[in-house]
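Chemist: Output the structure for:
(chains A, B, C and D)
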Number of protein chains: 2
Amino acid sequence: MTQTTARVPQEERSRAMRARLLEACVELLVERGFAGTTTTLVSERAGVSRGAQLHHFPSKNDLVFAAVEHVTNVRGDELAAAASRLPGGTRRTRAVLEMLADHFTSPVFTAALELWVAARTDADLLAEVAPLEQRVGRDTHRLTVELLGADESLPGVRELVQATLDLVRGLGLASTITDDTRRRMRILDRWAEILEEQLA
Amino acid sequence: MTQTTARVPQEERSRAMRARLLEACVELLVERGFAGTTTTLVSERAGVSRGAQLHHFPSKNDLVFAAVEHVTNVRGDELAAAASRLPGGTRRTRAVLEMLADHFTSPVFTAALELWVAARTDADLLAEVAPLEQRVGRDTHRLTVELLGADESLPGVRELVQATLDLVRGLGLASTITDDTRRRMRILDRWAEILEEQLA
DNA sequence: CGATAAACAGACAGGCTTGACTGTTTGTTG
DNA sequence: CAACAAACAGTCAAGCCTGTCTGTTTATCG
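Modeler: Reported below is the predicted structural model:
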């Protein structure tokens, strides 16, 4: 115990402070958007002095880059968690779709969207975002294939799964300014029909 | 002729200047994103003095609001033009999908996306964007139904068209940071198959 | 042709953001 | 416990953006 308390504290505090800053950063991305996420607001939100913030993240890019990674990890975790909560049996396909749609309408996705759009016109940020997003994309694809029990060796199956993911991405984008859950549900119902038919 | 040249000039110049400013604004939205689209850059890009700009658009919001309207109109025009160029006969469905996908990966869509995302965290802008976007959405839906010759009185057809539009929206979003045309084409091929099957 | 108003030009101030910088506290190590 | 390093705190200057303001040119109309 002595060894633990003697060895960890500083490192631990540092870790906690970084985590608080990243959390605050993501919250602000959702609430104020990328441009509205100023370093001052982040430090205020995190309850951290500007000095401390600059100590852990020397520049705004350092903070944002770390936030990108953080968001990516959270997205992966949330997806995995949601997948494990998934019920089996009938209506499995529909449940998988709902899970995906939920993810693509969640705050983490919104934060990722802000980073995504910002990265389009920011080369440095893009270099950071692109590979991570690719990873999430691949992981999500793999997960979806697994959850649907799809056989990708069959022609057209891979494209169908990709289409499914692009669909929920499109639904997610639409939901950011128009919260039309009912419409979304009907579309998912229909898509589930098609998916089951095609994968059978 | 004398009457014409005597009556129009000033109004005409004014119109031209407004158009140049809006064009410059849209260009910058694509190149620099919403946050990077400063009023100063717009006036420089348009070759207009800041004073002249402020005369036509007293505030940045006035400029942006006008740009939203402009983008909306251009989107509508481009879609209509593309639709009229569409070939008939076989592979009609595939051609319609490609047309839609092209639109949702075009610069106007990118500009609209920037406005869209910015509007999410800007109430004033949202009030301006939402109704116009809804209009484009409805028009696009109607156009798609017409081009596909779909019968919306049949159950599930409406949702199928909506899914198609959300799919291309998702593809468009993905294309903003990853230009993966080949992947997109394969997905469209596959979706065309399904669409024809379902609409038959 | 003179008067009036619109169009155009450019300087200026206020507010905000970022990152550098100096100083203080806390933890670690010999 | 003394010395050193990391963590933390807060101020300051430089740069940018927006919108106001004053002045000038161009067109329209009596």
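
Chemist: For chain A, which helix extends over the most residues?
Modeler: Among the segments of chain A that qualify as a helix by DSSP state H, the longest is helix A:9-36.

Chemist: Help me see whether it makes contact with chain B, please.
Modeler: Yes: applying Cβ under 8 Å from any Cβ of the partner chain, one finds helix A:9-36 touching chain B at A:31-36. Just so you know, the C-beta spots here come from the backbone N, C-alpha and C atoms, and that holds for glycine as well.

Chemist: Dump those residues into CSV; add neighbour count as well.
Modeler: Shown next, in CSV, are those (neighbours: other Cβ atoms under 10 Å in any protein chain shown):
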residue, neighbour count
A:31, 15
A:32, 16
A:33, 23
A:34, 24
A:35, 16
A:36, 15
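
Chemist: Grab the two from these that are most spread out in space.
Modeler: A:31 and A:35 (12.2 Å; Cβ to Cβ).

Chemist: Show me what the longest helix of chain A packs onto, helices and strands only.
Modeler: helix A:39-46, helix A:50-56, helix A:60-84, helix A:107-120, helix B:9-36, helix B:107-120 (3 or more Cβ pairs under 8 Å, 6 or more residues apart in numbering or on different chains; DSSP states H and E).

Chemist: Which parts of the longest one count as buried, going by neighbours?
Modeler: Applying a neighbour-count criterion of 16 or more other Cβ atoms under 10 Å in any protein chain shown, the buried positions in helix B:9-36 are B:17-18, B:20-35.

Chemist: That one to helix A:107-120, inter-axis angle?
Modeler: 120 degrees (axes from the mean of the first three to the mean of the last three Cα atoms, to 10 degrees).

Chemist: quick check: angle from helix B:9-36 to helix B:60-84?
Modeler: Using the same axes, to 10 degrees, helix B:9-36 lies at 100 degrees relative to helix B:60-84.

Chemist: Show the average pLDDT along helix B:9-36.
Modeler: What helix B:9-36 shows for mean pLDDT is 89.

Chemist: tell me the SS of residue A:178?
Modeler: coil (DSSP: H, G, I helix; E, B strand; the rest coil).

Chemist: so it sits right up against residue B:130, yeah?
Modeler: Yes: contact criterion Cβ atoms under 8 Å: residue A:178 and residue B:130 qualify, at 7.1 Å.

Chemist: residue contacts, the residue nearest the centre of chain A?
Modeler: Nearest residue to the geometric centre of chain A (Cα atoms, centre = their mean): residue A:75, 3.4 Å. The contact partners of residue A:75, taken as Cβ atoms under 8 Å, 6 or more residues apart in numbering or on different chains, are A:103, A:108-109, A:112, A:136.

Chemist: mind running it again at 7 Å?
Modeler: Listed by Cβ atoms under 7 Å, 6 or more residues apart in numbering or on different chains, the contact set of residue A:75 reads A:108, A:112, A:136.

Chemist: Of the residues you listed, which ones also sit close to chain B?
Modeler: When Cβ under 7 Å from any Cβ of the partner chain is taken as the criterion, no member of the contacts of residue A:75 contacts chain B.

Chemist: residue contacts, the one residue in chain A that gets nearest to chain B?
Modeler: Per Cβ to the nearest Cβ, residue A:170 is where chain A lies closest to chain B, at 3.1 Å. By Cβ under 7 Å, 6+ apart, the residues touching residue A:170 are B:166-167, B:169-170, B:173.

Chemist: Which one of those residues is nearest to residue A:182?
Modeler: Using Cβ to Cβ, residue B:166 is the member of the contacts of residue A:170 that lies nearest residue A:182, at 14.2 Å.

Chemist: Just the pLDDT for the residue nearest to that closest one when sequence neighbours are not counted.
Modeler: Distances taken as Cβ to Cβ, 6 or more residues apart in numbering or on different chains place residue A:170 nearest to residue B:166, at 3.8 Å, with adjacent residues excluded. Per-residue pLDDT puts residue A:170 at 98.

Chemist: And residue A:170, how close does it get to residue B:86?
Modeler: 22 Å (Cβ to Cβ, to the nearest Å).

Chemist: Could you list the low-pLDDT ranges of chain A?
Modeler: A:1-13 (pLDDT under 70).

Chemist: follow-up on the earlier one: now flag whichever of the residues of helix A:9-36 next to chain B is closest to DNA strand D.
Modeler: Distance to DNA strand D across those (Cβ to the nearest atom of the strand) is lowest for residue A:35, with 10.2 Å.

Chemist: Enumerate the residues of chain A near chain B.
Modeler: Counting by Cβ under 7 Å from any Cβ, chain A comes close to chain B at A:31-33, A:35-36, A:113-114, A:116-121, A:126, A:130, A:156, A:159-160, A:162-163, A:166-167, A:169-171, A:173-174, A:176-177, A:186-187, A:190-191, A:194, A:198.

Chemist: Phi and psi next, for residue A:88.
Modeler: phi -90, psi -160 (degrees, to the nearest 10).

Chemist: Could you check how far it is from residue A:76?
Modeler: Applying Cβ to Cβ, the value for residue A:88 to residue A:76 is 22 Å.

Chemist: before we move on, the earlier item: sticking with the residue of chain A closest to chain B, tell me its helix or strand.
Modeler: Secondary structure from DSSP states H and E places residue A:170 in helix A:157-175.

Chemist: Residue A:94 now?
Modeler: In the assignment (DSSP H and E), residue A:94 maps to helix A:92-103.

Chemist: got the angle for that helix vs helix A:60-84?
Modeler: Going by the same axes, to 10 degrees, helix A:92-103 makes 160 degrees with helix A:60-84.
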